[in-house]
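A.B. asks: Based on what follows, work out the 3D shape:
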Amino acid sequence: MHSVHPVQERHIRQGLLSDFILGSQDGMVNVLGILLGLAAATSDVRLIIIAALAALGAESVSMGAVAYTSTLARQRVYQAETRRELDEMRTVPDIEREEVRTIFRDWGYEGDELEELVRKIESKPKAMLDMMMAFELKLAPVSDVQPRNSAFIVFGATVVGSIIPLIPFLIPSVAVPSAAIVAVIISGAALFGIGWYEASITVGPYWKAGLRMLVIGLAAGFAGFLLGTFAKGF
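C.D. replies: This is a model prediction of the structure:
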């Protein structure tokens with residue numbers, strides 16, 4: 001007799017993925033833009049490093065705080081809509097029942113089968129509430145730890161992303177123009193890698209996702225370079 005081994009299901013945790021991409025891309029792009037802008041305007045590597053570190057600190061804290069408050073806001077919206085939906089289930093049950101019927105009808109159920117499903121879901125208030133929240137209001141629950149976790153992930157990813165383009169400027173023997181070129185190369189590779197990773201656990205061509213992330217990131221860095229070049233003329 002063969003033993004049956006449980007299959008470990010693997011699913012994407014959407015919030016963690018989006019937080020990681022948001023933080024790492026934002027940190028990398030912002031610091032790269034600042035580095036290229038300053039590299040175009042000055043050859044003082046100490047000034048460039050100080051400015052980049054200041055941007056790293058401000059950006060990582062700001063991004064972490066935004067992640068926390070925005071996730072907390074989503075949690076409060078979900079809680080408010082839950083209370084509203086429960087109140088409607090008590091005060092206007094006929095309307096809520098018809099909304100459930102519409103959802104099942106859109107899924108292809110008809111006739112007696114449809115009515116039987118409506119009766120069954122109505123007999124389970126929690127199941128009915130979950131269905132209305134997910135399929136009528138298109139809202140997902142937010143756990144109590146999610147705002148904190150989101151803030152930590154975005155903060156950490158922003159710090160790591162910000163450090164990547166800064167690395168060449170921390171090497172004493174590398175001149176500023178060379179450091180800027182190396183920063184573009186390693187940041188481009190990292191951005192492409194982030195896009196590749198995203199596609200590897202979601203859907204779509206790996207190269208297309210990587211190239212999209214690369215173009216977006218380097219376009220922002222190039223904007224910083226142009227502004228630095230323009231400022232140098234003053």
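A.B. asks: what's the lengthiest helix in the chain packed up against?
C.D. replies: For the chain, the longest helix by residue count, based on DSSP state H, is helix 45-91. Helices and strands touching helix 45-91, by 3 or more Cβ pairs under 8 Å, 6 or more residues apart in numbering; DSSP states H and E, are helix 14-41, helix 93-106, helix 125-131, helix 146-166, helix 176-201. Heads up, the C-betas are built off the backbone N, CA and C, glycines and all.
A.B. asks: Go through those and name the closest to residue 213.
C.D. replies: helix 176-201 (3.2 Å; Cβ to Cβ).
A.B. asks: can you state the direction angle for the closest one and helix 45-91?
C.D. replies: Here helix 176-201 points in a direction 30 degrees away from that of helix 45-91 (axes from the mean of the first three to the mean of the last three Cα atoms, to 10 degrees).
A.B. asks: Around residue 189, how many other residues sit close by?
C.D. replies: 13 (other Cβ atoms under 10 Å).
A.B. asks: which residues does residue 68 contact?
C.D. replies: Going by Cβ atoms under 8 Å, 6 or more residues apart in numbering, residue 68 touches 147, 148, 150, 151.
A.B. asks: same question but for residue 120, I mixed them up
C.D. replies: Residue 120 makes contact with no residue, according to Cβ under 8 Å, 6+ apart.
A.B. asks: ok, now how distant is it from residue 137?
C.D. replies: 21 Å (Cβ to Cβ, to the nearest Å).
A.B. asks: Residue 128 now?
C.D. replies: As defined by Cβ to Cβ, residue 128 lies at a distance of 13 Å from residue 137.
A.B. asks: With neighbour numbers in mind, choose between these two.
C.D. replies: Shown here are residue 128 and residue 137; by other Cβ under 10 Å, residue 128 has more neighbours (22 against 14).
A.B. asks: separation between the more buried one and residue 41?
C.D. replies: Going from residue 128 to residue 41 by Cβ to Cβ gives 62 Å.
A.B. asks: on that earlier part again, rounded mean pLDDT for the longest helix of the chain, please.
C.D. replies: The average pLDDT for helix 45-91 rounds to 93.
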